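K.L.:
3D, please:
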Amino acid sequence: MRILGLEGTAWAASAALFDVDQNHVQIESDAYLPSDGGIDPQEAASHMADALPAVIDAILDHAADTASPDSTYDIDAIAFSRGPGLGPCLRIVGTAARTLAARLDVPLVGVNHMVAHLEIGRHQSGFDSPICLNASGANAHVLGFHNGKYRILGETMDTGVGNSLDKFARHVGWSHPGGPKVEQAAKEGEYYDLPYVVKGMDFSFAGIVTAAQDAVDDGVPVQNVCTGLQETIFGMLTEVAERALSLTGSDELVLGGGVGQNDRLREMLQEMCEQRGASFYAPEPRFLRDNAGMIAVLGAKMYAAGDTISIDDSEVIPTYRPDEVPVSWRSEESVAQSQSSVLSGSVQGAEATVTYQNDRVTKRRNKKTYRHPELDERLRNERTASEARITSEARRSGIPTPPVLAINLDETILEFLYVGTEDLQAVPTENNIHTVGKQLAVLHNTGIVHGDPTTRNIRVDSEQVYFIDFGLGYYTDHIEDFAMDLHIFDQSITGTVDDPVPLRESLLSGYQSADVTLNTSSVIDRLHEIEGRGRYQ
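P.N.:
Numbering: from 1, shown residues only. All right, here's what the predicted structure looks like:
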């Protein structure tokens with residue numbers, strides 16, 4: 001079987017031929033490089049129109065040279081990037097794909113560009129059901145396969161990671177693409193502290209970039225700011241990837257996206273995985289940047305599963321989210337692994353080692369060697385102090401939490417009383433979720449956000465639901481922050497349970513049933529607004 005793939009979501013006009021039997025991918029690409037500023041959609045589309053015919057011709061020549069004797073091209077299907085991406089570029093590639101499919105009289109396969117970034121890593125690594133970190137120009141996602149789709153466990157709340165680096169580079173006068181220039185300058189710099197924004201498994205880059213731009217304007221050496229920018233942004237991505245591994249119990253991680261070509265990011269992810277005994281895989285650079293090879297590889301899997309589309313139904317989808325794709329080519333295994341919730345001995349969490357002995361829980365925030373030492377020390381100290389303070393404050397406000405028995409800031413150690421008999425992840429009943437919603441409303445009413453309310457950070461027994469792990473908690477009176485808490489919990493449900501819809505309804509009904517002065521309806525309205533934004537829809 002041989003599949004011809006076409007890619008053209010933004011800047012790369014690319015064609016590829018994937019020979020399944022030989023497991024060989026031939027790629028031809030012509031990249032658009034703007035002379036000034038970032039990518040202009042019309043300029044990119046003009047480049048796509050000019051460059052795509054040549055790369056297609058080159059791949060067709062290769063197909064003809066390697067075809068079987070009784071066939072001109074020996075091509076079984078045409079796969080193309082259907083989205084997400086720039087509409088003008090996608091429409092040109094879509095037209096080319098339809099024309100080729102009609103000319104060769106073969107089926108058409110519409111591929112989600114972001115899922116292709118994930119699948120090329122899974123294909124080459126041989127992993128069964130990994131967590132995937134997609135770090136590309138316009139996007140940043142952490143995904144896992146569950147219930148027939150790739151579920152978004154975390155994502156950027158504003159701009160993509162590559163676009164963030166490009167924005168900073170433009171500010172200091174560097175040409176596109178900015179990421180490699182930031183990477184080179186960072187090798188000569190010293191660490192400069194910048195804001196670090198992780199909310200559960202979501203993250204935000206806009207404030208970091210603004211702070212970095214201001215620092216350069218204030219005279220901080222640009223190479224120092226670049227070092228801080230990389231250490232901060234990539235530290236956030238690595239932490240969120242580790243949180244996803246911890247939530248699901250997976251021990252496999254693959255990297256996708258053009259920013260994955262950065263040596264420092266790959267180094268951080270590799271070191272994190274080694275620390276927790278997980279396996280890590282990053283494809284070779286030609287498969288990390290936008291390319292038609294990954295489109296052809298996923299196209300072959302979809303074609304083998306009978307997942308083709310007619311020309312009439314092949315419209316492009318510029319906002320095509322990875323969690324909208326029915327995954328027809330995989331079995332029903334889930335990234336969410338069964339994990340013991342009766343805790344004993346020592347357990348490695350996302351950011352700490354937790355030891356259970358009798359009725360005591362000792363939580364030690366170990367050094368994360370993948371992070372810059374200054375950043376790591378700051379985060380461990382801040383989170384240890386904040387967790388002790390907010391856990392106690394929440395308890396005084398009526399939220400069931402484990403009593404804090406001892407704190408050692410020098411060693412970043414906390415000791416708690418053991419609570420609950422199992423994690424909520426083991427018993428996600430509608431009644432338990434309703435209680436979680438009600439308690440979140442009470443928590444928010446006191447001006448506290450949990451920051452990471454997942455099914456692994458809530459303990460239950462026959463009488464009570466307990467909130468634990470307030471390391472990302474903070475004080476606020478902003479409706480947006482309260483809504484994000486609900487969104488984070490909703491993501492953890494969607495990514496780990498079989499039927500999340502009734503549980504989500506229980507969460508919101510519980511939230512609205514709480515006897516609080518907080519306008520819970522306004523918070524839920526904001527939640528729906530968050531879910532309807534460009535990055536979430």
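
K.L.:
the lowest-mean-pLDDT helix or strand in the chain pairs with which strands, parallel or anti?
P.N.:
Using mean pLDDT, DSSP states H and E, strand 345-348 stands out as the lowest-scoring helix or strand of the chain, at a mean of 79. Strands adjacent to strand 345-348 in the sheet, as given by DSSP bridges, are strand 353-357 (antiparallel).

K.L.:
what are the contacting residues of the next helix or strand after the strand it pairs with?
P.N.:
Moving toward the C-terminus from strand 353-357, the next helix or strand (DSSP states H and E) is strand 360-364. Strand 360-364 is contacted by residues 343, 352-355, 402, 405, 411-418 when judged by Cβ atoms under 8 Å, 6 or more residues apart in numbering. Backbone N, C-alpha and C define where each C-beta goes, glycine included.

K.L.:
name the SS class of residue 9, please.
P.N.:
For residue 9, the assignment made with DSSP: H, G, I helix; E, B strand; the rest coil gives coil.

K.L.:
show me the domain layout of this protein.
P.N.:
2-119+288-324, 127-283, 345-417, 422-531 (automatic domain parsing).

K.L.:
so, low pLDDT: which residues of this structure?
P.N.:
Counting by pLDDT under 70, the chain has low-confidence residues at 35-38, 332-334, 336-344, 533-537.

K.L.:
quick one, helices of the stretch 151-300 of the chain?
P.N.:
If DSSP state H, counting those that start in this stretch is used as the criterion, the helices of the stretch 151-300 of the chain fall at 161-171, 179-186, 206-217, 222-248, 263-275, 285-288, 292-304.

K.L.:
any chance of those helices in a markdown table, with distance to residue 137 and mean neighbour count too?
P.N.:
Listed next are these as a markdown table, based on distance: least, Cβ to Cβ, whole Å; neighbours: other Cβ atoms under 10 Å:
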| stretch | distance to residue 137 | mean neighbour count |
| --- | --- | --- |
| helix 161-171 | 3 | 23 |
| helix 179-186 | 8 | 20 |
| helix 206-217 | 14 | 17 |
| helix 222-248 | 13 | 24 |
| helix 263-275 | 14 | 18 |
| helix 285-288 | 12 | 18 |
| helix 292-304 | 15 | 28 |
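
K.L.:
closest to residue 475 out of those?
P.N.:
With Cβ to Cβ as the criterion, residue 475 lies closest to helix 206-217 of those, at 18.1 Å.

K.L.:
by contact count, what packs against that closest one?
P.N.:
helix 161-171, helix 222-248 (3 or more Cβ pairs under 8 Å, 6 or more residues apart in numbering; DSSP states H and E).

K.L.:
ok, the closest residue to residue 322 other than its chain neighbours - contacts?
P.N.:
Distances taken as Cβ to Cβ, 6 or more residues apart in numbering place residue 114 nearest to residue 322, at 4.4 Å, with adjacent residues excluded. Going by Cβ under 8 Å, 6+ apart, residue 114 touches 84, 134, 136, 139, 141, 256, 320, 321, 322.

K.L.:
and what of residue 384?
P.N.:
Contacts of residue 384 (Cβ under 8 Å, 6+ apart): 365, 407, 409, 412, 413, 414, 471.

K.L.:
ok, the contacts of residue 114 vs residue 236, which is closest?
P.N.:
Taking the contacts of residue 114 together and measuring to residue 236 by Cβ to Cβ, the closest member is residue 141, at 13.4 Å.

K.L.:
and residue 29, what helix or strand is that in?
P.N.:
With DSSP H and E as the criterion, residue 29 is inside strand 24-31.

K.L.:
hmm, back to that, name the nearest of the contacts of residue 384 relative to residue 45.
P.N.:
residue 471 (45.8 Å).

K.L.:
helix, strand, or coil at the closest one?
P.N.:
coil.

K.L.:
tally of neighbours for it?
P.N.:
Look at residue 471: counted by other Cβ atoms under 10 Å, it has 26 neighbours.

K.L.:
and what of residue 423?
P.N.:
So residue 423, with other Cβ under 10 Å, has 21 neighbours.

K.L.:
how about residue 516?
P.N.:
Counted with other Cβ under 10 Å, residue 516 comes out at 16.

K.L.:
give the contact list for it.
P.N.:
Contacts of residue 516 (Cβ under 8 Å, 6+ apart): 441, 442, 444, 445.

K.L.:
contacting residues for the third one?
P.N.:
Same thing as residue 444. Counting by Cβ under 8 Å, 6+ apart, the residues that residue 444 touches are 482, 485, 516, 518, 523.

K.L.:
could you identify the most distant pair in those residues?
P.N.:
485 and 516, at 14.1 Å, using Cβ to Cβ across the contacts of residue 444.

K.L.:
can you map out the helices along the stretch 401-537 of the chain?
P.N.:
For the stretch 401-537 of the chain, the helices defined by DSSP H, counting those that start in this stretch occupy 430-445, 479-494, 500-513, 520-531.

K.L.:
span of stretch 60-71 from start to end?
P.N.:
12 Å (Cα to Cα, to the nearest Å).

K.L.:
measure the nearest residue to residue 119 once chain neighbours are set aside to residue 53 for me?
P.N.:
Nearest residue to residue 119 in three dimensions, chain neighbours excluded: residue 298, at 4.6 Å (Cβ to Cβ, 6+ apart). Computed as Cβ to Cβ, to the nearest Å, the residue 298 to residue 53 distance reads 23 Å.

K.L.:
repeat for residue 422
P.N.:
Relative to residue 53, and taking Cβ to Cβ, residue 422 is found at 60 Å.

K.L.:
got it, and residue 224?
P.N.:
Counting by Cβ to Cβ - residue 224 and residue 53 are separated by 46 Å.

K.L.:
likewise for residue 206?
P.N.:
Distance from residue 206 to residue 53, by Cβ to Cβ: 38 Å.

K.L.:
using CSV, write out every CA atom in stretch 137-148.
P.N.:
Provided in CSV are the C-alpha atoms of stretch 137-148 (Å, rounded to 0.1, in the frame of the first residue of the first chain):
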residue,chain,number,x,y,z
GLY,A,137,3.6,27.2,16.2
ALA,A,138,-0.1,27.9,16.6
ASN,A,139,-0.9,25.2,19.2
ALA,A,140,0.2,23.6,22.4
HIS,A,141,-1.8,20.5,23.6
VAL,A,142,-1.3,17.6,26.0
LEU,A,143,-3.4,14.7,24.7
GLY,A,144,-4.3,11.1,25.5
PHE,A,145,-6.5,8.5,23.8
HIS,A,146,-9.7,7.7,25.6
ASN,A,147,-13.1,6.5,24.6
GLY,A,148,-12.4,6.5,20.8
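
K.L.:
pull out the buried positions in it.
P.N.:
Residues 137, 138, 139, 140, 141, 142, 143, 144, 145, 146, 147 are the ones in stretch 137-148 that count as buried (16 or more other Cβ atoms under 10 Å).

K.L.:
restricted to strands, list the contacts of residue 114.
P.N.:
134, 141, 256 (DSSP state E).

K.L.:
if we can go back for a sec, now tabulate the helices of the stretch 151-300 of the chain in TSV and tack on distance to residue 124.
P.N.:
TSV is the format used below for the helices of the stretch 151-300 of the chain (distance: least, Cβ to Cβ, whole Å):
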stretch	distance to residue 124
helix 161-171	22
helix 179-186	23
helix 206-217	31
helix 222-248	18
helix 263-275	15
helix 285-288	7
helix 292-304	9
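
K.L.:
who wins for proximity to residue 66 among those helices?
P.N.:
helix 292-304 (14.1 Å).

K.L.:
what packs against that closest one?
P.N.:
Helices and strands touching helix 292-304, by 3+ Cβ pairs under 8 Å, 6+ apart, are strand 2-7, strand 12-19, strand 24-31, strand 77-83, strand 108-112, helix 113-125, helix 285-288.

K.L.:
verify the contact between residue 503 and residue 425 for me.
P.N.:
No: with contact defined as Cβ atoms under 8 Å, residue 503 and residue 425 do not form a contacting pair (11.7 Å).

K.L.:
picking up where we left off before, and which of the contacts of residue 444 is nearest to residue 120?
P.N.:
Nearest to residue 120 among these, with distances taken as Cβ to Cβ, is residue 485, at 34.4 Å.

K.L.:
many thanks, have a good one.
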